[in-house]
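K.L.:
need a 3D model of the following:
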Amino acid sequence: KIIDGILIVNKSYPLPKDYVPTNTYKNAAGLNYCTTCIDKEAYEKYKEMKADATALGLNIWIQSGYRSYSLQESLYNKYVNRDGKVAADTYSARPGHSEHQTGYALDIVDKNYTSKDTFTTSEAFNWMKDNAYKFGFILRYQEEKESVTGTNFESWHYRYVGTKVAKYIYENNITFDEYY
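P.N.:
Reported below is the predicted structural model:
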């Protein structure tokens, strides 16, 4: 589904199994799980954001970018086998329902990343949640908004939506789901 020129992908709006983003860099440095990679505009804005963070002594990097349908299927099935479907659905997208497949989602962490908890309490996360919108990124799964998004809080999951929409979401303290 596309709203305001933004591709919407979530538990209700899946992508086709064969969807592959087209406006991308091939094998951009530093992206794990990358065969097609992320949207060119999103990657350029990420590099600007990284430069600003670096100037402040923060070392952010992309831990995960693009994921194909088949990779997401493998990850999701691993989580279902480990924790069961109900639990897995709170923290992992089903295949075709992952924003990573769009080329617009990035898992961004800092140099000290060892677990989800260490990034959530980091200086880099505090800077990201207050500044990512300036570069067109939103914290996709906000704390205490799980009932709206249907997904647990993820301090590392950022979605590129462009600066206008990101600013609106940030200033109104809403989720992407509430926006569209």
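K.L.:
I figured residue 112 hits residue 120, correct?
P.N.:
No. Using C-beta atoms under 8 Å, residue 112 is not in contact with residue 120, being 11.8 Å away. The way it works is simple: take the backbone N, C-alpha and C, and place the C-beta from them, glycine included.
K.L.:
list the buried residues in the helix or strand bottoming out on mean pLDDT in the chain.
P.N.:
Sorting the helices and strands of the chain by mean pLDDT, DSSP states H and E puts helix 116-120 at the bottom, at a mean of 81. By neighbour count on 16 or more other C-beta atoms under 10 Å, the buried set for helix 116-120 is residue 119.
K.L.:
repeat that for stretch 147-155.
P.N.:
Here stretch 147-155 shows 149, 151, 153, 154, 155 as buried, counting by 16+ other C-beta under 10 Å.
K.L.:
for the residues you listed, which one is nearest residue 164?
P.N.:
Minimum distance to residue 164 across the buried residues of stretch 147-155 is 21.1 Å, recorded for residue 149 (C-beta to C-beta).
K.L.:
confidence score at the closest one?
P.N.:
Residue 149 carries a pLDDT value of 93.
K.L.:
just the ones of the buried residues of stretch 147-155 in strands?
P.N.:
Among the buried residues of stretch 147-155, the residues falling in strands (DSSP state E) are 154, 155.
K.L.:
right, and residue 96 touches residue 12 too?
P.N.:
No. Assessed by C-beta under 8 Å, residue 96 is found out of contact with residue 12, at 11.6 Å.
K.L.:
who's more crowded, these two?
P.N.:
residue 96 (17 against 10; other C-beta atoms under 10 Å).
K.L.:
backbone dihedrals for that one, both of them.
P.N.:
Per-residue torsions, residue 96: phi 90, psi -10 (degrees, to the nearest 10).
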